[in-house]
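> I would like the atomic coordinates for the input below:
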Amino acid sequence: MKAVLQRVQRASVEVTGERCAQIEQGLMILLGVVPADQVSEAEFLAQKCAQLRIFEDGQGKMNRSLLDVGGEALVVSQFTLCADCRHGRRPAFTGAARPEHARPLYEQFVKRLAECGVPVQTGRFGADMQVSLQNDGPVTIILDTEEMMPGRL
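Predicted structure coming up:
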């Protein structure tokens with residue numbers, strides 16, 4: 001499972017011109033699911049996102065988590081994070097999980113993040129979405145459970 005975290009002052013998602021989600025201070029989380037992912041990856045990654053200290057404290061150090069600052073999360077499914085660009089000029093998406101496998105894990109990630117105490121908004125799984133955000137910092141972090149969970153396969 002791959003996640004791109006962007007610390008934001010605000011973010012929103014529109015589908016067919018209609019705003020379906022909006023947050024203020026928090027994290028914009030783009031989430032990609034690979035075929036080998038299981039519930040354990042979704043739960044581990046959700047907890048990591050809630051507790052990762054990437055918000056500034058009073059001294060300007062990144063010592064506060066999403067939970068510490070009372071921030072929100074906007075989670076958007078994004079299979080393109082799993083693109084393979086090693087060959088040719090057109091990305092291959094065979095490394096992304098099929099929707100019937102990815103959707104339940106995406107939903108588990110969202111559920112676990114909320115259980116951690118984070119107010120969560122979501123995009124629409126599988127929809128063509130327009131995402132707007134104001135990146136704060138900018139701070140952008142990439143997490144990959146394949147690298148973070150040794151022995152998972």
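> Which residue lies nearest the spatial centre of the protein?
Ile29 (2.6 Å; C-alpha atoms, centre = their mean).
> quick one: buried residues of stretch 60-80?
64-66, 71-79 (16 or more other C-beta atoms under 10 Å). (Glycine included, C-beta is placed from N, CA and C.)
> Same check on stretch 28-46?
In stretch 28-46, counting by 16+ other C-beta under 10 Å, buried: 28-34, 37, 41-46.
> Spit out the contact partners of the residue nearest to the centre of the chain.
Residues near Ile29 by C-beta atoms under 8 Å, 6 or more residues apart in numbering: 3-6, 49, 73-76.
> Now go through those and say which are in helices.
Assigned to helices by DSSP state H, the following of the contacts of Ile29 qualify: Cys49.
> which stretches of this protein form helices?
So, for the chain - with DSSP H - the helices run 39-51, 99-115, 145-148.
> Let's have these in CSV, adding distance to Ala92 and mean pLDDT.
Below are the helices of the chain laid out as CSV (distance: least, C-beta to C-beta, whole Å; pLDDT from 0 to 100):
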stretch, distance to Ala92, mean pLDDT
helix 39-51, 22, 97
helix 99-115, 16, 98
helix 145-148, 18, 91
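> Kindly list the longest strand within this structure.
strand 129-144 (DSSP state E).
> Farthest-apart pair in the buried residues of stretch 60-80, please.
Arg64 and Phe79 (31.2 Å; C-beta to C-beta).
> still on that earlier bit, and of the buried residues of stretch 60-80, the nearest to Asp136?
Closest to Asp136, out of all of the buried residues of stretch 60-80 and judged by C-beta to C-beta, is Gly71, at 10.1 Å.
> doesn't Ile54 make contact with Val139?
Yes. With contact defined as C-beta atoms under 8 Å, Val139 and Ile54 form a contacting pair (5.6 Å).
> Comparing these two, which residue is more hemmed in?
Ile54 (20 against 15; other C-beta atoms under 10 Å).
> tell me the contacts of that one?
By C-beta under 8 Å, 6+ apart, the contact set of Ile54 is 5, 7, 62, 65, 139, 141.
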